[in-house]
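Enquirer: A structural model of the following input is requested.
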Amino acid sequence: MARKIVITSGKGGVGKTTICGNLGSFLARQNYKVALLDLDIGLNNLDVVLGIENKIVFDIVDVVCNRCRAKQALLQDSNTPSLYIMPSAQTHIKLTKNDVAKVIADLDDYFDYILVDCPAGIDEGFHRAVACCDEALVVVTPHISSIRDADKVISILSSYRLTGVYGIVNRVRGDLIVNKEMLSIEDIFDLLRINLVGVIPDDDMVSINSGIGGAIYDRCHAFRAFELLTSNIIQGTYKIYDCTMSYRGFFGAMKRKLKRKI
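Expert: Next up, the predicted model:
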């Protein structure tokens with residue numbers, strides 16, 4: 001039986017889909033069988049992030065409408081053989097919670113992890129995705145508006161019988177935290193009042209790889225952050241990547257000044 005984890009956020013643009021794609025890839029590299037489901041109907045981007053948009057034959061709507069079986073709609077990632085993606089539909093179509101639950105049930109025995117990319121916000125699409133999962137990851141950025149919306153999502157998630165709700169702070173600028181120009185991770189933890197399982201730095205390599213399609217493979221700052229996130233998900237630990245480490249001390253101060261000038 002798979003661990004079914006929904007990846008959600010209070011607002012769009014926080015990097016939720018990129019987190020989903022990379023986390024799935026890192027889990028698969030640990031020899032787990034992972035399925036990614038894109039439930040953002042009509043606004044789907046998971047296929048683009050993973051570079052499979054030109055390979056799609058069937059999608060989740062085809063499965064629900066009995067035009068194919070669930071396993072037929074899965075696309076195998078070319079770089080990580082144990083990672084599979086079920087793409088969403090390009091057009092808006094009404095799916096029910098039971099529709100999604102049946103699709104996930106068909107995949108449950110074949111995978112170790114099923115990650116569900118949830119639509120942003122708290123409308124029907126959000127509830128459709130959350131109702132079919134056992135755990136939730138709430139993605140937030142270090143901005144008051146994002147934290148406020150995430151807090152609303154966390155409050156709603158408490159009405160579901162989830163075994164765990166955890167936070168991931170994305171696009172963190174260590175230099176700005178040291179300069180006290182951005183909320184610290186401790187501040188965000190205090191505001192959200194949930195355990196954080198991941199802190200992902202603002203890294204150009206993540207944006208570049210997402211733009212050309214594919215998870216990160218380079219030994220960049222975000223690579224280590226995703227390694228820790230993956231370890232936390234697997235082992236139930238809370239080891240957090242320190243985005244401020246390289247910006248502390250004398251040389252760190254020089255690096256902060258240089259970055260401000262660029």
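Enquirer: switch to C-alpha atoms for all contacts and neighbour counts from now on
Expert: Will do.
Enquirer: how about the strands in the stretch 51-200 of the chain?
Expert: Remark: strands assigned in the stretch 51-200 of the chain by DSSP state E, counting those that start in this stretch are 75-76, 83-86, 113-117, 135-140, 164-172, 196-201.
Enquirer: Mind listing what's buried along the fifth one?
Expert: Along strand 164-172, these residues count as buried under the neighbour rule (16 or more other Cα atoms under 10 Å): 165-172.
Enquirer: Need those in TSV (columns: distance to Val103 and pLDDT).
Expert: Formatted as TSV, the buried residues of strand 164-172 follow (distance: Cα to Cα, whole Å; pLDDT from 0 to 100):
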residue	distance to Val103	pLDDT
Val165	23	98
Tyr166	25	98
Gly167	26	98
Ile168	27	98
Val169	30	98
Asn170	29	97
Arg171	32	95
Val172	35	96
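Enquirer: so can I have TSV of the strands of the stretch 51-200 of the chain showing distance to Leu258?
Expert: Shown next, in TSV, are the strands of the stretch 51-200 of the chain (distance: least, Cα to Cα, whole Å):
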stretch	distance to Leu258
strand 75-76	42
strand 83-86	39
strand 113-117	37
strand 135-140	27
strand 164-172	18
strand 196-201	18
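Enquirer: Would you tell me which of these gets closest to Leu183?
Expert: strand 164-172 (9.1 Å; Cα to Cα).
Enquirer: Show me what that closest one is packed up against.
Expert: Packing contacts for strand 164-172, counted by 3 or more Cα pairs under 8 Å, 6 or more residues apart in numbering; DSSP states H and E, involve strand 135-140, strand 196-201.
Enquirer: need those strands in TSV with distance to Tyr238, can you?
Expert: Below are these laid out as TSV (distance: least, Cα to Cα, whole Å):
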stretch	distance to Tyr238
strand 135-140	13
strand 196-201	5
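Enquirer: and these as CSV, adding mean pLDDT?
Expert: Converted to CSV, the helices and strands packed on strand 164-172 look like this (pLDDT from 0 to 100):
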stretch, mean pLDDT
strand 135-140, 98
strand 196-201, 97
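Enquirer: All set, thanks.
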